[in-house]
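Q: here is my input; please provide its structure:
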Amino acid sequence: MAHTWPRDAKCVVNITVDFDGPCIEIRDKVGLYGKHSHGRYSAKRGVPRLLDIVKKHDIRVTFYVPGYDAEQHPEVVKAIADAGHEIAAHSYLHERWDLGAEEPSLLRKTHKILTDIVGKPPIGWRCAGGLGKSNQTIKLLRELGYIYDSSEKCTDWPFFPSIDGEEVRDFINLPDNVSSLDDYPFYWLNRTPPSEVLQQWKDEFHSIYAEGGYYDLILHARNGFGSGTPTRAKVLDDLISFMKSYPNVLFQTQEETARWCLSNPTAWPARRNPRAQK
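A: Below is the predicted model:
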(Lines give C-alpha, C1' and ligand atoms only; values in the text may rest on other atoms or scores of the structure.)
Protein backbone atom coordinates (compact mmCIF):
# COMPACT_ATOMS: atom_id res chain seq x y z
CA MET A 1 0.00 0.00 0.00
CA ALA A 2 1.35 3.41 -0.96
CA HIS A 3 2.42 5.73 1.80
CA THR A 4 4.62 8.74 2.33
CA TRP A 5 7.54 9.71 4.50
CA PRO A 6 8.90 13.25 4.91
CA ARG A 7 10.79 14.68 1.95
CA ASP A 8 9.51 11.78 -0.19
CA ALA A 9 11.95 9.45 1.57
CA LYS A 10 11.87 5.75 0.80
CA CYS A 11 13.06 4.83 4.31
CA VAL A 12 13.42 6.77 7.57
CA VAL A 13 16.42 6.01 9.79
CA ASN A 14 16.65 6.96 13.47
CA ILE A 15 20.02 6.20 15.03
CA THR A 16 19.71 6.24 18.80
CA VAL A 17 22.39 6.00 21.49
CA ASP A 18 21.68 4.98 25.07
CA PHE A 19 24.27 6.75 27.24
CA ASP A 20 24.06 4.08 29.99
CA GLY A 21 27.10 5.15 31.99
CA PRO A 22 27.90 4.46 35.66
CA CYS A 23 24.22 4.64 36.61
CA ILE A 24 23.97 0.88 36.04
CA GLU A 25 26.75 0.07 38.49
CA ILE A 26 25.28 2.49 41.03
CA ARG A 27 21.90 0.82 40.56
CA ASP A 28 23.46 -2.59 41.19
CA LYS A 29 25.43 -1.29 44.19
CA VAL A 30 28.83 -2.37 42.87
CA GLY A 31 32.08 -0.41 42.65
CA LEU A 32 32.95 1.66 39.60
CA TYR A 33 36.44 0.22 39.21
CA GLY A 34 38.08 -2.87 37.77
CA LYS A 35 35.57 -5.29 36.27
CA HIS A 36 32.75 -2.87 37.12
CA SER A 37 34.19 0.14 35.30
CA HIS A 38 32.46 -0.38 31.93
CA GLY A 39 30.01 2.46 32.54
CA ARG A 40 32.75 5.04 33.06
CA TYR A 41 33.76 4.44 29.44
CA SER A 42 30.67 6.14 28.05
CA ALA A 43 31.59 9.71 28.96
CA LYS A 44 35.36 9.22 28.57
CA ARG A 45 35.51 7.58 25.14
CA GLY A 46 32.24 6.07 23.91
CA VAL A 47 30.18 9.23 23.46
CA PRO A 48 33.05 11.31 21.96
CA ARG A 49 33.86 8.55 19.46
CA LEU A 50 30.24 8.13 18.34
CA LEU A 51 29.86 11.90 18.08
CA ASP A 52 32.87 12.02 15.76
CA ILE A 53 31.31 9.39 13.50
CA VAL A 54 27.93 11.07 13.11
CA LYS A 55 29.67 14.41 12.61
CA LYS A 56 31.70 12.87 9.79
CA HIS A 57 28.46 11.77 8.12
CA ASP A 58 26.67 15.05 8.89
CA ILE A 59 23.65 13.39 10.51
CA ARG A 60 21.84 14.09 13.76
CA VAL A 61 20.91 11.37 16.22
CA THR A 62 19.06 10.91 19.51
CA PHE A 63 20.87 10.26 22.79
CA TYR A 64 18.90 8.71 25.65
CA VAL A 65 20.45 9.84 28.91
CA PRO A 66 19.69 8.54 32.42
CA GLY A 67 19.33 11.30 35.00
CA TYR A 68 22.17 10.04 37.19
CA ASP A 69 24.61 9.98 34.29
CA ALA A 70 23.61 13.50 33.34
CA GLU A 71 24.27 14.66 36.91
CA GLN A 72 27.74 13.09 36.82
CA HIS A 73 28.66 14.29 33.31
CA PRO A 74 26.72 17.47 32.55
CA GLU A 75 29.48 18.77 30.29
CA VAL A 76 29.22 15.69 28.05
CA VAL A 77 25.43 15.97 27.84
CA LYS A 78 25.73 19.64 26.95
CA ALA A 79 28.34 18.82 24.29
CA ILE A 80 25.91 16.36 22.70
CA ALA A 81 23.17 18.98 22.58
CA ASP A 82 25.54 21.72 21.38
CA ALA A 83 26.49 19.45 18.46
CA GLY A 84 22.86 19.52 17.34
CA HIS A 85 21.73 16.14 18.61
CA GLU A 86 18.60 15.37 20.58
CA ILE A 87 18.70 14.64 24.31
CA ALA A 88 15.91 12.32 25.43
CA ALA A 89 15.13 10.82 28.85
CA HIS A 90 16.07 7.29 29.89
CA SER A 91 15.10 6.75 33.56
CA TYR A 92 17.20 7.93 36.50
CA LEU A 93 19.29 4.90 37.54
CA HIS A 94 18.36 2.74 34.55
CA GLU A 95 15.78 1.12 36.82
CA ARG A 96 14.79 -2.40 35.73
CA TRP A 97 11.78 -2.99 37.92
CA ASP A 98 8.22 -1.84 38.45
CA LEU A 99 8.70 1.62 39.92
CA GLY A 100 5.29 1.70 41.56
CA ALA A 101 4.68 4.86 43.57
CA GLU A 102 8.21 6.08 42.77
CA GLU A 103 7.53 6.42 39.04
CA PRO A 104 6.17 10.00 38.96
CA SER A 105 8.95 11.44 41.11
CA LEU A 106 11.71 9.66 39.17
CA LEU A 107 10.32 10.77 35.81
CA ARG A 108 10.14 14.35 37.05
CA LYS A 109 13.62 14.15 38.59
CA THR A 110 15.32 13.13 35.35
CA HIS A 111 13.16 15.56 33.39
CA LYS A 112 14.38 18.47 35.51
CA ILE A 113 18.01 17.38 35.42
CA LEU A 114 18.07 17.20 31.61
CA THR A 115 16.10 20.43 31.24
CA ASP A 116 18.51 22.33 33.49
CA ILE A 117 21.59 21.05 31.65
CA VAL A 118 20.38 21.39 28.06
CA GLY A 119 18.27 24.51 28.55
CA LYS A 120 15.12 22.97 27.12
CA PRO A 121 12.98 20.02 28.22
CA PRO A 122 13.28 16.59 26.63
CA ILE A 123 10.22 15.51 24.68
CA GLY A 124 11.16 11.83 24.11
CA TRP A 125 11.57 8.90 26.49
CA ARG A 126 12.71 5.26 26.41
CA CYS A 127 12.30 2.91 29.34
CA ALA A 128 15.43 1.26 30.67
CA GLY A 129 16.06 -2.34 29.72
CA GLY A 130 12.51 -2.68 28.42
CA LEU A 131 11.22 -2.52 32.00
CA GLY A 132 10.28 0.26 34.39
CA LYS A 133 7.10 1.12 32.49
CA SER A 134 3.52 0.92 33.68
CA ASN A 135 0.03 1.67 32.40
CA GLN A 136 0.46 5.13 33.93
CA THR A 137 3.72 6.01 32.18
CA ILE A 138 2.31 7.63 29.04
CA LYS A 139 -0.15 9.65 31.09
CA LEU A 140 2.73 10.96 33.20
CA LEU A 141 4.89 11.69 30.15
CA ARG A 142 2.10 13.63 28.47
CA GLU A 143 1.63 15.70 31.63
CA LEU A 144 5.33 16.64 31.42
CA GLY A 145 5.04 17.63 27.76
CA TYR A 146 6.56 14.57 26.10
CA ILE A 147 5.35 13.70 22.62
CA TYR A 148 6.85 10.25 22.06
CA ASP A 149 8.02 7.00 23.64
CA SER A 150 10.47 4.57 22.03
CA SER A 151 9.98 1.45 24.14
CA GLU A 152 7.45 -0.81 22.42
CA LYS A 153 8.21 -3.86 20.29
CA CYS A 154 4.75 -4.72 18.94
CA THR A 155 5.12 -3.42 15.38
CA ASP A 156 7.59 -2.10 12.79
CA TRP A 157 5.89 1.28 12.35
CA PRO A 158 5.20 4.34 14.49
CA PHE A 159 1.74 4.18 16.05
CA PHE A 160 -0.63 6.11 18.28
CA PRO A 161 -1.00 4.51 21.73
CA SER A 162 -4.26 3.88 23.52
CA ILE A 163 -5.00 5.10 27.03
CA ASP A 164 -7.97 3.57 28.82
CA GLY A 165 -9.11 2.12 25.51
CA GLU A 166 -8.99 5.42 23.60
CA GLU A 167 -6.40 6.21 20.95
CA VAL A 168 -4.52 9.46 21.66
CA ARG A 169 -3.34 11.71 18.83
CA ASP A 170 -0.95 14.03 20.67
CA PHE A 171 1.60 11.31 21.49
CA ILE A 172 3.35 8.71 19.33
CA ASN A 173 5.16 5.44 19.89
CA LEU A 174 8.35 4.96 17.86
CA PRO A 175 8.95 1.21 18.28
CA ASP A 176 12.39 -0.25 18.89
CA ASN A 177 13.67 -3.69 17.94
CA VAL A 178 15.90 -4.98 20.74
CA SER A 179 16.24 -8.41 19.13
CA SER A 180 18.09 -7.56 15.92
CA LEU A 181 18.67 -3.78 15.87
CA ASP A 182 20.28 -3.41 19.30
CA ASP A 183 23.96 -3.97 20.06
CA TYR A 184 23.34 -5.41 23.56
CA PRO A 185 22.17 -8.94 22.63
CA PHE A 186 24.91 -9.33 20.04
CA TYR A 187 27.88 -8.08 22.02
CA TRP A 188 26.91 -9.07 25.57
CA LEU A 189 24.66 -12.10 25.36
CA ASN A 190 26.04 -13.82 22.26
CA ARG A 191 29.55 -12.34 21.97
CA THR A 192 28.97 -11.80 18.25
CA PRO A 193 31.97 -10.47 16.28
CA PRO A 194 31.50 -6.90 15.00
CA SER A 195 31.79 -8.03 11.38
CA GLU A 196 28.74 -10.28 11.83
CA VAL A 197 26.81 -7.54 13.60
CA LEU A 198 27.48 -5.20 10.68
CA GLN A 199 26.18 -7.78 8.21
CA GLN A 200 23.05 -8.36 10.30
CA TRP A 201 22.29 -4.64 10.44
CA LYS A 202 22.91 -4.28 6.72
CA ASP A 203 20.53 -7.15 6.00
CA GLU A 204 17.90 -5.63 8.28
CA PHE A 205 18.24 -2.29 6.52
CA HIS A 206 17.96 -3.84 3.06
CA SER A 207 14.72 -5.60 4.02
CA ILE A 208 13.22 -2.58 5.79
CA TYR A 209 14.15 -0.31 2.89
CA ALA A 210 12.40 -2.69 0.48
CA GLU A 211 9.21 -2.22 2.53
CA GLY A 212 9.64 1.55 2.64
CA GLY A 213 9.89 1.20 6.39
CA TYR A 214 11.28 2.64 9.58
CA TYR A 215 14.78 1.74 10.86
CA ASP A 216 15.39 2.44 14.55
CA LEU A 217 18.93 1.39 15.53
CA ILE A 218 19.85 1.15 19.23
CA LEU A 219 23.47 1.60 20.30
CA HIS A 220 25.07 1.96 23.72
CA ALA A 221 28.06 4.18 24.38
CA ARG A 222 29.62 2.10 27.13
CA ASN A 223 32.25 -0.62 26.95
CA GLY A 224 31.22 -4.24 27.47
CA PHE A 225 27.81 -4.47 25.80
CA GLY A 226 28.13 -1.19 23.92
CA SER A 227 29.42 0.22 20.65
CA GLY A 228 31.78 2.86 21.98
CA THR A 229 35.03 0.95 21.45
CA PRO A 230 36.99 1.41 18.19
CA THR A 231 36.08 -1.72 16.22
CA ARG A 232 32.43 -1.68 17.28
CA ALA A 233 32.14 2.04 16.59
CA LYS A 234 33.49 1.42 13.09
CA VAL A 235 30.46 -0.81 12.53
CA LEU A 236 28.30 2.32 12.81
CA ASP A 237 30.61 4.21 10.44
CA ASP A 238 30.43 1.45 7.83
CA LEU A 239 26.70 0.96 8.31
CA ILE A 240 25.91 4.63 7.71
CA SER A 241 28.01 4.57 4.53
CA PHE A 242 26.10 1.49 3.40
CA MET A 243 22.70 3.06 4.06
CA LYS A 244 23.73 6.24 2.27
CA SER A 245 24.42 4.20 -0.85
CA TYR A 246 20.65 3.67 -1.19
CA PRO A 247 18.57 6.48 -2.73
CA ASN A 248 16.09 8.52 -0.71
CA VAL A 249 17.13 7.51 2.80
CA LEU A 250 16.30 10.11 5.43
CA PHE A 251 18.29 10.28 8.67
CA GLN A 252 16.42 12.06 11.47
CA THR A 253 16.36 12.47 15.21
CA GLN A 254 13.43 10.76 16.85
CA GLU A 255 12.00 14.16 17.72
CA GLU A 256 11.88 15.02 14.02
CA THR A 257 10.21 11.73 13.16
CA ALA A 258 7.69 12.07 15.99
CA ARG A 259 6.75 15.63 15.09
CA TRP A 260 6.24 14.73 11.43
CA CYS A 261 4.04 11.74 12.30
CA LEU A 262 1.95 13.86 14.66
CA SER A 263 1.56 16.59 12.03
CA ASN A 264 0.69 14.10 9.26
CA PRO A 265 -1.54 11.57 11.01
CA THR A 266 -2.90 9.92 7.86
CA ALA A 267 0.27 9.85 5.77
CA TRP A 268 2.70 7.46 7.42
CA PRO A 269 2.61 3.72 6.86
CA ALA A 270 0.85 2.42 9.99
CA ARG A 271 -2.03 4.85 9.53
CA ARG A 272 -2.54 3.55 5.99
CA ASN A 273 -2.75 -0.04 7.30
CA PRO A 274 -5.52 -0.45 9.89
CA ARG A 275 -4.28 -3.93 10.82
CA ALA A 276 -1.11 -2.37 12.22
CA GLN A 277 -3.16 -0.70 14.94
CA LYS A 278 -4.49 -3.90 16.47
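
Q: can we go C-alpha only for contacts and neighbour counts from here?
A: Noted.

Q: now do the buried residues in the strand or helix carrying residue 26.
A: In the assignment (DSSP states H and E), residue 26 maps to helix 23-27. Going by neighbour count (16 or more other Cα atoms under 10 Å), the buried part of helix 23-27 is 23, 24, 25, 26.

Q: same thing with stretch 74-86?
A: For stretch 74-86, by 16+ other Cα under 10 Å, it's 74, 76, 77, 78, 80, 81, 85, 86.

Q: surely the second one touches residue 43?
A: Yes. With contact defined as Cα atoms under 8 Å, residue 76 reaches residue 43; the gap is 6.5 Å.

Q: roughly how far does residue 85 sit from residue 47?
A: 12 Å (Cα to Cα, to the nearest Å).

Q: got it, and residue 137?
A: Distance of residue 137 to residue 47, computed by Cα to Cα: 28 Å.

Q: so between these two, which is more surrounded?
A: Here residue 137 and residue 47 are compared on neighbour count by other Cα atoms under 10 Å; more neighbours surround residue 47, at 26 against 16.

Q: residue contacts, the more buried one?
A: Listed by Cα atoms under 8 Å, 6 or more residues apart in numbering, the contact set of residue 47 reads 19, 76, 221, 228.

Q: let's see which of the buried residues of stretch 74-86 end up in helices.
A: 74, 76, 77, 78, 80, 81 (DSSP state H).

Q: surely the first one is in contact with residue 119?
A: Spelled out, that is residue 74. No. Using Cα under 8 Å, residue 74 makes no contact with residue 119, being 11.7 Å away.

Q: what residues does the one helix or strand residue 262 maps to touch?
A: According to DSSP H and E, residue 262 maps onto helix 254-263. With contacts defined as Cα under 8 Å, 6+ apart, helix 254-263 is touched by 6, 14, 16, 61-62, 86, 123-124, 147-148, 158, 169-172, 174, 267-268.

Q: what subset of the residues you listed is buried?
A: Among the contacts of helix 254-263, those classed as buried by 16+ other Cα under 10 Å are 6, 14, 16, 61-62, 86, 123-124, 147-148, 158, 170-172, 174, 267-268.

Q: show me where the stretch 151-278 of the chain has strands.
A: 162-163, 166-167, 172-173, 214-220, 249-251 (DSSP state E, counting those that start in this stretch).

Q: distance between the second one and the chain's centre?
A: Shown here is strand 166-167, whose average C-alpha point lies 25 Å from the average C-alpha point of the whole chain (Cα atoms, centre = their mean, to the nearest Å).

Q: and the helices in the stretch 151-278 of the chain?
A: Here the stretch 151-278 of the chain has its helices, by DSSP state H, counting those that start in this stretch, at 183-184, 194-210, 230-244, 254-263, 269-272.

Q: for the ones you listed, which one ends up most surrounded?
A: helix 183-184 (a mean of 22; mean count of other Cα atoms under 10 Å).

Q: for the residue nearest to residue 46 when sequence neighbours are not counted, what are its contacts?
A: Leaving aside its sequence neighbours, residue 46 sits nearest to residue 228 (Cα to Cα, 6 or more residues apart in numbering; 3.8 Å). The contact partners of residue 228, taken as Cα under 8 Å, 6+ apart, are 41, 42, 45, 46, 47, 49, 50, 220, 221, 222.

Q: with residue 192 instead?
A: Contacts for residue 192 (Cα under 8 Å, 6+ apart) come out as residue 186.

Q: now swap in residue 14 and tell me
A: 61, 62, 214, 215, 216, 217, 251, 252, 253, 254.

Q: for the residues you listed, give me TSV that also has pLDDT.
A: Shown next, in TSV, are those (pLDDT from 0 to 100):
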residue	pLDDT
61	98
62	98
214	96
215	98
216	98
217	98
251	98
252	98
253	98
254	98
